[in-house]
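Student: Here is a sequence with its predicted model. Questions after.
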Amino acid sequence: MRGIFYVLGLLLALGLTSADPQYCLHEMLRTDERIASHGYPTETHEVETEDGYVLTLFRIPYSHNLQNQNEKRPPVLLQHGLFSNSDCWIASGPDNSLAYLLADAGYDVWLGNARGNIYSRANSQISLNSPRFWHFDWHEIGTIDLAAMIDYILSETGYSQLHYAGHSQGTTCYMVLLSERPEYNDKIKSAHMLAPCAFFEHGRSAVFRWLSPLVGTPGGMWNQLMVDMELIPHNNLLNRLIDNSCGSGSPFDSICKNGFLMFANGGYQNINLTAMQQLIETHPAGASSNQGIHYLQLFTSHFFRQYDWGTKKNQELYGQDSPPDYDLSLIKAKTHSYSSPNDALCGPEDVDTLVSKFIHLEEDHRVPWESFNHLDFIVANNMKELINDLVVERINKYERR
Ligand SMILES: *[C@@H]1O[C@H](CO)[C@@H](O)[C@H](O)[C@H]1NC(C)=O
């Protein structure tokens, strides 16, 4: 019980201390600046969704190492996870991070940012201060944001298909998009789901134990309180604190690692701390509480289905008492799954469930590394050999390279 109050107290404190929505973006390096610091060409694009959100796409159009600007460069879209942003694809630098490895393999690399994160915090119709701004979920990130980013990239590059890779929530919204709008299957040449998350029956993370009793079912008081707000906002003071206490050799080192890996909850044997420190500067990157609540609902219900608003509103929205399932059998694009044994959020048993319903899945790859966890897909010292090289290799195959 104490744990619950601790977590809620922390959430509220974070919410209150960052009542000022003016984030000091100038104090931190943006994705494009980080990319440029390694000598790669980079561009920034803005895409407005049908409901007014302005999303930032960063791009590494070619590699300065290859000087391939005049050659064919098939586009690849990389989509981050919950609380994250485009920085997760570059934090381990050119020798290890997927964005650079793809650029150096000759691809035109696009880094997406979902509505609500620090790079996509504007809406042409709704103010950031309005609760209406936060009235969204990963359902909309999938059906609206991903669709808008894919269409934009295809029209900019003149290609009819792109390759996709997503981490965690980046896989959830991929599955949401292709099951809800199956016409998008034709726009995906291949997809690579890192730490795929759809079913949560067996989640081991403490987050599930502490929070799902409060918000895992609709209609409760906590649900009313928590819905439509920013969840764990990005806060400079907090980040500075963590940054300083994470310095190597600092006495707070273990506190820092433990605190930050609460979400991974599977240890930190493989983490690249230098990369982690860079990530912390722009994380947590902003998300709606509804995204968290929706995941907790899946943990409680054991279904991969739409947001549960309670019987009355479900009837209005869906025409039935409980929310409809996402139909994974509608996903026909060539999709590869990469999952790991020590993932406390989306672990092996839940991947088994996913695979059994995802009948057209091309490949179910299990990472052969006992301690590999959820976050390791984006910051592990050994992720190049274990994950990224495989992804590049498979994409190359589709391109007959
Ligand atoms: C760890 O991250 C740093 C910072 O980006 C990077 O320079 C280094 O190559 C990474 N090492 C590994 C093994 O991932």
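Tutor: Received, thanks. Numbers count the residues shown, from 1 in each chain.
Student: can we go C-alpha only for contacts and neighbour counts from here?
Tutor: OK.
Student: Any idea what V109 is bridged to?
Tutor: Listed by DSSP bridges, the beta-bridge partners for V109 are I60, V76.
Student: contacting residues for it?
Tutor: By CA atoms under 8 Å, 6 or more residues apart in numbering, V109 lies in contact with 59-62, 75-78, 99, 102-103.
Student: and D389, that's in a helix?
Tutor: Yes. Per DSSP: H, G, I helix; E, B strand; the rest coil, D389 lies within a helix segment.
Student: residues in this structure within reach of the ligand, list them.
Tutor: For the chain, the residues found near the ligand under the criterion CA under 6 Å from any ligand atom are 91-93, 95-96, 272, 274-275, 381.
Student: and those, which are buried?
Tutor: 91-93, 96, 272, 274-275, 381 (16 or more other CA atoms under 10 Å).
Student: of all the residues you listed, which two lie farthest apart?
Tutor: N96 and T274 (12.5 Å; CA to CA).
Student: And the residue of this structure closest to the ligand?
Tutor: S92 (3.5 Å; CA to the nearest ligand atom).
Student: if I read this right, L82 contacts G166, doesn't it?
Tutor: No. Using CA atoms under 8 Å, L82 is not in contact with G166; the gap is 11.0 Å.
Student: And these two? Which one has more around it.
Tutor: G166 (23 against 20; other CA atoms under 10 Å).
Student: Was I right to think the more buried one contacts S84?
Tutor: No. Checked against CA under 8 Å, the pair G166 and S84 is beyond contact range at 11.6 Å.
Student: Overlap in contacts, these two.
Tutor: Jointly contacting G166 and S84 under the rule CA under 8 Å, 6+ apart is no residue at all.
Student: could the residues of the chain next to the ligand be laid out in JSON lines, adding distance to N70 and pLDDT?
Tutor: Putting those into JSON lines (distance: CA to CA, whole Å; pLDDT from 0 to 100) gives the following:
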{"residue": "A91", "distance to N70": "28", "pLDDT": "96"}
{"residue": "S92", "distance to N70": "28", "pLDDT": "96"}
{"residue": "G93", "distance to N70": "25", "pLDDT": "97"}
{"residue": "D95", "distance to N70": "24", "pLDDT": "98"}
{"residue": "N96", "distance to N70": "25", "pLDDT": "98"}
{"residue": "N272", "distance to N70": "35", "pLDDT": "91"}
{"residue": "T274", "distance to N70": "35", "pLDDT": "89"}
{"residue": "A275", "distance to N70": "32", "pLDDT": "90"}
{"residue": "N381", "distance to N70": "34", "pLDDT": "96"}
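Student: so where's the protein shaky on pLDDT?
Tutor: With pLDDT under 70 as the threshold, the chain has low-confidence stretches at 1-27, 219-225, 232-267.
Student: ok, which stretches of the stretch 1-150 of the chain are strands?
Tutor: With DSSP state E, counting those that start in this stretch, the ranges of strands along the stretch 1-150 of the chain come out as 43-48, 53-60, 75-79, 108-111, 122-123.
Student: by contact count, what packs against the longest one?
Tutor: Read that as strand 53-60. helix 31-37, strand 43-48, strand 108-111, strand 122-123 (3 or more CA pairs under 8 Å, 6 or more residues apart in numbering; DSSP states H and E).
Student: could you redo the last one with a cut-off of 7 Å?
Tutor: Applying 3 or more CA pairs under 7 Å, 6 or more residues apart in numbering; DSSP states H and E, one finds that strand 53-60 contacts strand 43-48, strand 108-111, strand 122-123.
Student: returning to that earlier point: closest to A122 among the residues of the chain next to the ligand?
Tutor: Taking CA to CA as the measure, A122 lies nearest A91 of the residues of the chain next to the ligand, at 24.6 Å.
Student: Find the nearest non-adjacent residue to that closest one, please.
Tutor: Using CA to CA, 6 or more residues apart in numbering and skipping residues adjacent in sequence, the residue nearest A91 is A275, 5.0 Å away.
Student: Quick check, central residue of the protein?
Tutor: G81 (1.2 Å; CA atoms, centre = their mean).
Student: got a list of what that one touches?
Tutor: By CA atoms under 7 Å, 6 or more residues apart in numbering, the residues touching G81 are 167-170.
Student: Could you identify the most distant pair in the residues you listed?
Tutor: Maximum distance among these (CA to CA): 6.1 Å, for H167 and Q169.
Student: Find residues that contact each of the two.
Tutor: Common contact partners of H167 and Q169 (CA under 7 Å, 6+ apart): 80-81.
Student: and the gap between the spatially most distant residue from the centre of the chain and D108?
Tutor: Here the centre of the chain is the reference, and by CA atoms, centre = their mean the most remote residue is N70, at 31.7 Å. Per CA to CA, to the nearest Å, N70 is found 12 Å from D108.
Student: Kindly report the same for F136.
Tutor: Computed as CA to CA, the F136 to D108 distance reads 30 Å.
Student: The two - which one has more neighbours?
Tutor: Applying other CA under 10 Å to F136 and D108 shows that D108 carries more neighbours, namely 25 against 19.
Student: Does the more buried one touch L77 like I think?
Tutor: No. The pair D108 and L77 does not pass the contact test of CA atoms under 7 Å, sitting 8.7 Å apart.
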